[in-house]
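> sequence-free structure coming up:
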(Lines give C-alpha, C1' and ligand atoms only; values in the text may rest on other atoms or scores of the structure.)
Protein backbone atom coordinates (compact mmCIF):
# COMPACT_ATOMS: atom_id res chain seq x y z
CA UNK A 1 0.00 0.00 0.00
CA UNK A 2 1.24 3.46 -0.82
CA UNK A 3 0.31 7.08 -0.34
CA UNK A 4 1.12 9.18 -3.38
CA UNK A 5 1.25 12.88 -4.04
CA UNK A 6 1.65 14.26 -7.57
CA UNK A 7 2.43 10.74 -8.86
CA UNK A 8 5.28 10.29 -6.37
CA UNK A 9 5.24 7.73 -3.57
CA UNK A 10 5.23 9.48 -0.20
CA UNK A 11 4.73 6.46 2.07
CA UNK A 12 5.18 2.80 1.11
CA UNK A 13 4.02 -0.08 3.30
CA UNK A 14 4.84 -3.62 2.07
CA UNK A 15 1.91 -6.00 2.40
CA UNK A 16 4.04 -8.47 4.37
CA UNK A 17 4.42 -5.93 7.20
CA UNK A 18 0.71 -5.09 7.57
CA UNK A 19 -1.04 -6.52 10.64
CA UNK A 20 -4.37 -4.73 10.27
CA UNK A 21 -5.97 -1.70 8.64
CA UNK A 22 -8.44 0.74 10.11
CA UNK A 23 -10.40 3.36 8.17
CA UNK A 24 -10.76 6.61 10.10
CA UNK A 25 -12.17 10.09 9.60
CA UNK A 26 -10.50 12.96 11.40
CA UNK A 27 -7.33 14.97 11.55
CA UNK A 28 -4.90 12.96 9.50
CA UNK A 29 -1.60 14.67 10.29
CA UNK A 30 1.11 12.35 11.61
CA UNK A 31 2.51 14.84 14.13
CA UNK A 32 -0.11 17.57 14.61
CA UNK A 33 1.70 19.47 17.38
CA UNK A 34 4.86 19.84 15.30
CA UNK A 35 2.87 20.98 12.27
CA UNK A 36 0.78 23.42 14.29
CA UNK A 37 3.88 24.86 15.96
CA UNK A 38 5.64 25.34 12.64
CA UNK A 39 2.50 26.83 11.09
CA UNK A 40 2.04 29.28 13.97
CA UNK A 41 5.68 30.40 13.76
CA UNK A 42 5.46 30.97 10.01
CA UNK A 43 2.08 32.71 10.31
CA UNK A 44 3.55 35.00 12.99
CA UNK A 45 6.39 35.91 10.62
CA UNK A 46 3.77 36.81 8.02
CA UNK A 47 1.81 38.98 10.42
CA UNK A 48 5.03 40.69 11.49
CA UNK A 49 5.83 41.38 7.82
CA UNK A 50 2.34 42.77 7.20
CA UNK A 51 2.62 45.14 10.15
CA UNK A 52 5.99 46.42 9.00
CA UNK A 53 4.75 46.81 5.42
CA UNK A 54 2.01 49.11 6.71
CA UNK A 55 4.32 51.03 9.09
CA UNK A 56 7.37 51.39 6.82
CA UNK A 57 6.54 50.66 3.18
CA UNK A 58 10.08 51.41 1.89
CA UNK A 59 11.56 47.94 2.38
CA UNK A 60 8.64 46.13 0.84
CA UNK A 61 10.68 43.23 -0.58
CA UNK A 62 11.48 41.77 2.83
CA UNK A 63 7.96 42.31 4.11
CA UNK A 64 6.43 40.61 1.08
CA UNK A 65 8.77 37.65 1.59
CA UNK A 66 7.72 37.50 5.24
CA UNK A 67 4.04 37.58 4.22
CA UNK A 68 4.75 34.72 1.81
CA UNK A 69 6.07 32.66 4.74
CA UNK A 70 2.94 33.63 6.66
CA UNK A 71 0.77 32.28 3.85
CA UNK A 72 2.69 29.00 3.96
CA UNK A 73 2.15 28.88 7.73
CA UNK A 74 -1.56 29.47 7.25
CA UNK A 75 -1.84 26.56 4.82
CA UNK A 76 0.07 24.30 7.22
CA UNK A 77 -2.36 25.21 10.02
CA UNK A 78 -5.37 24.68 7.73
CA UNK A 79 -4.10 21.28 6.53
CA UNK A 80 -3.40 20.17 10.09
CA UNK A 81 -6.91 21.02 11.28
CA UNK A 82 -8.71 19.68 8.17
CA UNK A 83 -10.60 16.42 8.67
CA UNK A 84 -10.24 13.72 6.02
CA UNK A 85 -10.49 9.99 5.51
CA UNK A 86 -7.31 8.00 6.08
CA UNK A 87 -6.11 4.47 6.67
CA UNK A 88 -4.39 3.78 9.97
CA UNK A 89 -2.09 0.92 8.99
CA UNK A 90 -0.81 -1.11 11.92
CA UNK A 91 2.53 -2.68 11.01
CA UNK A 92 4.83 -5.02 12.85
CA UNK A 93 7.10 -2.04 13.55
CA UNK A 94 4.59 0.64 14.57
CA UNK A 95 1.86 2.27 12.55
CA UNK A 96 1.43 4.89 9.85
CA UNK A 97 -1.33 6.88 8.20
CA UNK A 98 -2.18 6.79 4.53
CA UNK A 99 -4.30 9.83 3.72
CA UNK A 100 -6.92 9.95 0.97
CA UNK A 101 -7.07 12.88 -1.41
CA UNK A 102 -9.40 15.76 -0.62
CA UNK A 103 -11.27 14.95 -3.82
CA UNK A 104 -11.90 11.32 -2.79
CA UNK A 105 -15.61 10.60 -2.64
CA UNK A 106 -17.17 8.27 -0.12
CA UNK A 107 -18.26 5.83 -2.83
CA UNK A 108 -14.70 5.62 -4.21
CA UNK A 109 -13.31 4.96 -0.72
CA UNK A 110 -15.83 2.19 -0.15
CA UNK A 111 -14.97 0.60 -3.52
CA UNK A 112 -11.28 0.78 -2.68
CA UNK A 113 -11.90 -0.89 0.69
CA UNK A 114 -13.82 -3.67 -1.06
CA UNK A 115 -10.89 -4.20 -3.43
CA UNK A 116 -8.47 -4.49 -0.54
CA UNK A 117 -10.75 -7.00 1.17
CA UNK A 118 -11.02 -9.07 -2.00
CA UNK A 119 -7.44 -8.97 -3.28
CA UNK A 120 -5.39 -8.91 -0.07
CA UNK A 121 -7.90 -10.57 2.29
CA UNK A 122 -7.52 -7.81 4.88
CA UNK A 123 -10.43 -6.92 7.10
CA UNK A 124 -10.70 -3.15 7.32
CA UNK A 125 -12.24 -2.00 10.57
CA UNK A 126 -14.39 1.11 10.46
CA UNK A 127 -13.29 3.51 13.18
CA UNK A 128 -14.53 6.44 11.10
CA UNK A 129 -18.05 6.24 12.51
CA UNK A 130 -19.92 9.04 10.83
CA UNK A 131 -18.65 11.68 8.48
CA UNK A 132 -18.75 15.31 9.43
CA UNK A 133 -22.00 15.81 7.51
CA UNK A 134 -23.82 12.85 9.11
CA UNK A 135 -23.47 10.34 6.27
CA UNK A 136 -22.84 6.85 7.63
CA UNK A 137 -19.79 5.03 6.39
CA UNK A 138 -20.44 1.38 5.65
CA UNK A 139 -16.92 0.23 4.79
CA UNK A 140 -16.26 -2.04 7.73
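Received it, and whenever you're ready, just let me know what you need. None of these values were measured; they are calculated from a predicted model. Residues are numbered from 1 along each chain as shown.

> Which residue ranges of the protein form helices?
32-55, 60-81, 106-120 (DSSP state H).

> List the buried residues in the shortest one.
Right, the one you point to is helix 106-120. 106, 109, 112, 113, 116 (16 or more other Cβ atoms under 10 Å). All C-beta atoms are positioned from the backbone trio N, CA, C, and that covers glycine.

> ok, the residue lying farthest from the centre of the chain to residue 52 distance?
Seen from the C-alpha centroid of the chain, the residue lying at the greatest distance (Cα atoms, centre = their mean) is residue 58, 39.0 Å away. Note on residue 58: its distance to residue 52, by Cβ to Cβ, to the nearest Å, is 10 Å.

> swap in residue 99?
Counting by Cβ to Cβ, the gap from residue 99 to residue 52 is 37 Å.

> Name all residues that make contact with the residue nearest to residue 60 when sequence neighbours are not counted.
Spatial nearest neighbour of residue 60, chain neighbours left out: residue 53 (6.1 Å); criterion: Cβ to Cβ, 6 or more residues apart in numbering. Counting by Cβ atoms under 8 Å, 6 or more residues apart in numbering, residue 53 touches 60, 63, 64, 67.

> filter those to the buried ones?
Buried, going by 16+ other Cβ under 10 Å: 63, 67, out of those.

> could I get the contacts of residue 53 as CSV with distance to residue 28 and pLDDT?
CSV is the format used below for the contacts of residue 53 (distance: Cβ to Cβ, whole Å; pLDDT from 0 to 100):
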residue, distance to residue 28, pLDDT
60, 37, 76
63, 34, 87
64, 32, 89
67, 28, 94
